[in-house]
Every structure is written in C-alpha cells, then in structure tokens.
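**Q** dropping the sequence and predicted coords here.
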Amino acid sequence: MLRALAILFTCQLAGEAITRSLELPLPGPVLGLLILVAILLAIERWRLVDAATIDETSLGKVSNGLIATFGILFVPAGVGAIQELGLLGKYGAALAAALLVSTVLTLVVTVSVFVGVSRLTERKG
C-alpha cells in the first residue's frame, strides 16, 4: 500500500514540478495523472501487468479506495451552499441562468468541434 501511494504521490510531484518549471496553464495533479496513465499504458504494452488484473495490484486497490471516498469531498461544498442560502435565494435566478447558458454554450461548442473533426477525418480517409 505504501508503494502504491508513493507511486501516486511521485506522479503528482512530477506533474507539479513540470507545470511550475514550464509555467504551464495546467494543474500539476492533472499532468501527474497523465504521467501515471502513460506509465500504466507502457507497462501494459510491455505486458508486465494485464489490464484485466490491474485492480488486484496494490496500486489498483489504493486507487479504488481513494475513488470510493471521493463523495466525502462534496460535503464541504454542500455545507458552504447551505450556509450561503440567503445569497442563493437572492441571486438564485441569475446563477441558474448562468449555469444554463454556460452548459448550452459548452454543448454547442463541443458538438461543433466534434462535427468539424469528423469532417476533417472523413476527407483524409
């Protein structure tokens, strides 16, 4: 278990070091996760660990345990929302409108990019 945590924290540290040294507009833990995925893909390609049995390794068990406790992270946000119920009542309509507009805009942009990439790949294919 300690080895698995060391792997996770090392990847996170590497991501932090890279993003801070190169001043990338990307959170270090996200880059660390990408590094971990690249390492796991390389290990699978070299056939050191089978993808079907990764859950049985110490890294798989620790990762699944962390994922199982992610729900706890939403408790502070829920408490904060309840504490600011007055503000939610006052600006609730504006917040709902902003959420709706941003969600629709995100979907439109995502679909547009998907359609554009699909057309480009069809032309090349």
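**A** Here it is on my side, so go on.
**Q** just give the nearest non-adjacent residue to the residue nearest the centre of the chain, would you?
**A** The centroid of the chain falls nearest to Val30 when counting by C-alpha atoms, centre = their mean (6.5 Å). Distances taken as C-beta to C-beta, 6 or more residues apart in numbering put Gly15 closest to Val30, at 6.9 Å, once the chain neighbours are dropped. C-beta coordinates here come from the backbone N, C-alpha and C atoms, glycine included.
**Q** what's the answer for Ile35, then?
**A** Spatial nearest neighbour of Ile35, excluding adjacent residues (C-beta to C-beta, 6+ apart): Cys11 at 4.9 Å.
**Q** what's the spacing between Ile72 and Pro29?
**A** Counting by C-beta to C-beta, to the nearest Å, the gap from Ile72 to Pro29 is 18 Å.
**Q** so what touches the one helix or strand in the chain whose mean pLDDT sits lowest?
**A** Using mean pLDDT, DSSP states H and E, the weakest-scoring helix or strand in the chain turns out to be helix 74-83, at a mean of 87. Residues outside helix 74-83 that contact it (C-beta atoms under 8 Å, 6 or more residues apart in numbering): Leu88.
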